[in-house]
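*Asks:* Sequence and predicted structure are below.
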Amino acid sequence: MTYKSIRPGQVWLDTEGKRIQAHGGSILEVDGSYYWYGENKEKTEVGGGIWHWGVRCYASTDFYNWEDKGLIIPPEPDNPESSLHPEACMDRPHIIYNRWTKKYVCWLKIMHKDDTQTATILTADHILGPYTKVKEGYRPLNMNAGDFDLVVAPDGKAYYYFERVHSETICADLTDDYTGVTGYYSTHFPNIAPPFVREATAHFYRKGRHYLVTSGTTGYFPNPSEVAVAKTWHGPYEVQGNPHTDDHERTSFQSQITSVFKVPGKKDLYIALADRWLVGELPIRYDDLEKVFAWLYAPDLYEMPTDVDPEVRNALKNLGNPDTAIADYVWLPFRFDGEKAYLDWKDEWTTEEFE
C-alpha cells in the first residue's frame, strides 16, 4: 500500500505491509532522508513479560511511506541483567548527532522494578548503528530520571529535558560528548504528585522562543497536554495551557506526544508525534481519572473518590499494561497564533499544505 497523506489514529503500515513499530518515537533527518525510530513492541503481549524487542528504525523521503531498516539497537535476551533485556522497561529512545565527535548518541530511559529510573547511553558512527553501550544504570545529577528529550542548539551545545520522577521537570546541560551532564541545571513545573507532575517532555524552537510540550502523569491513560514557552533554554517557562483546544474529552485526542519535529524546507511545519497507547473506547472520563490518580499517589492530601465506579477505580489502581503492540500514532501539525501553539484534529492531512 502506498500512502499519500497522514491519517492520525489509523493503522499505519510500512512499505512491506507490516505495522510500524516505532513507539515513543522521534525523527532525525540525515542527508535528505528521514529516520523514524522508537520502541519495537512486535513481540509484546499483555501479560507476556516482554516489554520491548529493541529499537527499530524506518526511513522515508515523503513522510508517508516508511521502509523498515530493522533493529538499530537489538534486545539482549541472553543477559537478564542488561537494560536491553526484553523484560527491562526500556522507553523513549532519543538520538542526537555530535558534530565534534561525529557520533550518533542515543539515550534510553530504563524503569526498574524498585521504581528507580536510570539512563542507558550508546553511540554509533551511523544513525542505523551498530550502537555500543558507553553507560548503563546512569543517574544524571543523581536523580531518578524519567521521560525526556534531547536537543542540540545551533552552536552544538546540547540539553537534556527530563522528568525528575513524580516531582518536577529538569533542564540539564550535556557534556561536550553528549554522554553525560555537566552538573548545571534548572528546575521547572514542581508538583506534589501524579497526575499533576509533567512527563513526556518534548522541546521545539520557533522564532526565538523555546516550547516545552508535556503530559500529565497517568500511566497509559491519556490526559490533557500542556505547552509552556520561554526565551531561553533554561527558562523561566510560562505555561500556555492545553494546545488541544477542540478536544472535549481532555485526552489530547486519546494520545500522548512523544516528540516534535520541524520539517526542513516546509513553511512553519512542526509535527507533534504522539502515541495512542489505548486503542478503542476509554474506560473512564479524565475528570474521574484525575481524582483516582491524585488519591493513589497522594492519599494524605486527597480522599478516595467515592463518586467513581469502584470497579473502574480498582482497575486503575492495578494499572496493568495495554496491548502496546497495536498502539497507533497520532501525528498532527501545530497551528500558531503569535506565540500560542495549538493542535487541531485532522482526519487526514499532507505536508504539501505547508509549502
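*Replies:* Everything's here; your move.
*Asks:* CA atoms for contacts and neighbours, from now on please.
*Replies:* OK.
*Asks:* any idea which element the residue lying farthest from the centre of the chain lies in?
*Replies:* Note on the chain: the largest C-alpha distance from the chain mean falls to Thr306, namely 32.8 Å (CA atoms, centre = their mean). Using DSSP states H and E, Thr306 falls within no helix or strand.
*Asks:* Could you report the pLDDT at it?
*Replies:* Per-residue confidence (pLDDT) for Thr306: 84.
*Asks:* if I look at it, how far off is Ile284?
*Replies:* Distance, Thr306 to Ile284, using CA to CA, to the nearest Å: 14 Å.
*Asks:* mind checking how far Thr116 is from Phe196?
*Replies:* When distance is defined by CA to CA, Thr116 is 19 Å away from Phe196.
*Asks:* The two: which has the busier surroundings?
*Replies:* Comparing Thr116 with Phe196 by other CA atoms under 10 Å, the one with more neighbours is Phe196, at 20 against 15.
*Asks:* ends of stretch 273-289, how far apart?
*Replies:* 24 Å.
*Asks:* residues of that stretch that come out buried?
*Replies:* The neighbour-count check on stretch 273-289 (16 or more other CA atoms under 10 Å) flags 273-279, 286, 289 as buried.
*Asks:* Could I get the average pLDDT for it?
*Replies:* Here the average pLDDT along stretch 273-289 is 90.
*Asks:* Now name the helix or strand holding the most centrally placed residue in the chain.
*Replies:* Nearest to the mean C-alpha position of the chain, by CA atoms, centre = their mean, lies Thr258 at 2.5 Å. Following DSSP H and E, one finds Thr258 within strand 256-262.
*Asks:* which secondary structure elements does that strand contact?
*Replies:* Secondary-structure packing of strand 256-262 (3 or more CA pairs under 8 Å, 6 or more residues apart in numbering; DSSP states H and E): strand 23-30, strand 199-206, strand 209-215, strand 270-276.
*Asks:* okay, it in PDB with CA atoms only?
*Replies:* Extracted as PDB, the C-alpha positions of strand 256-262 are listed here (Å, rounded to 0.1, in the frame of the first residue of the first chain):
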ATOM      1  CA  GLN A 256       0.500  11.300  24.300                       C
ATOM      2  CA  ILE A 257       3.000  13.400  22.500                       C
ATOM      3  CA  THR A 258       6.500  12.000  22.500                       C
ATOM      4  CA  SER A 259       8.500  14.500  20.300                       C
ATOM      5  CA  VAL A 260       8.100  17.400  18.000                       C
ATOM      6  CA  PHE A 261       9.800  17.500  14.600                       C
ATOM      7  CA  LYS A 262      10.300  20.600  12.400                       C
END
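*Asks:* Mind listing the strands it pairs with, and their directions?
*Replies:* Here strand 256-262 has these sheet partners by DSSP bridges: strand 270-276 (antiparallel).
*Asks:* Please state the offset of the partner strand from the chain centre?
*Replies:* Mean C-alpha position of strand 270-276 versus that of the full chain (CA atoms, centre = their mean, to the nearest Å) differs by 9 Å.
*Asks:* what residues does that strand touch?
*Replies:* 9, 23-26, 254-263, 327-334 (CA atoms under 8 Å, 6 or more residues apart in numbering).
*Asks:* Then stretch 148-160?
*Replies:* With contacts defined as CA under 8 Å, 6+ apart, stretch 148-160 is touched by 92, 94-96, 98-99, 109, 161-163, 170-176, 178, 199-203, 259.
*Asks:* wait, what's in contact with Gly9?
*Replies:* Shown in contact with Gly9 (CA under 8 Å, 6+ apart): 276, 328-330.
*Asks:* for Asp247, same thing?
*Replies:* Shown in contact with Asp247 (CA under 8 Å, 6+ apart): 253, 345.
*Asks:* Where does it sit: helix, strand or coil?
*Replies:* coil (DSSP: H, G, I helix; E, B strand; the rest coil).
*Asks:* Helices of the stretch 201-350 of the chain, residue ranges please.
*Replies:* 286-297, 310-318 (DSSP state H, counting those that start in this stretch).
*Asks:* Show me what the longest one is packed up against.
*Replies:* In terms of contact count using 3+ CA pairs under 8 Å, 6+ apart, helix 286-297 is assigned the packing partners helix 310-318.
*Asks:* Helix or strand: which one has Val134?
*Replies:* Mapping Val134 onto the secondary structure by DSSP H and E places it in strand 132-138.
*Asks:* and the helices of the stretch 201-350 of the chain, which is most packed in?
*Replies:* Among the helices of the stretch 201-350 of the chain, helix 286-297 has the highest mean neighbour count (mean count of other CA atoms under 10 Å), at a mean of 19.
*Asks:* and that one, how far from the chain's centre?
*Replies:* Computed by CA atoms, centre = their mean, the chain-centroid distance of helix 286-297 equals 22 Å.
*Asks:* Tell me how far stretch 8-26 lies from the chain's centre.
*Replies:* The chain centre lies 15 Å from the centre of stretch 8-26; the measure is CA atoms, centre = their mean.
*Asks:* Among the buried residues of stretch 273-289, which one sits closest to Lys43?
*Replies:* Distance to Lys43, by CA to CA, is smallest for Trp277 among these, at 15.7 Å.
*Asks:* Report the contact partners of that closest one.
*Replies:* Neighbouring residues of Trp277 by CA under 8 Å, 6+ apart: 220-221, 255-256, 322-324, 327-328.
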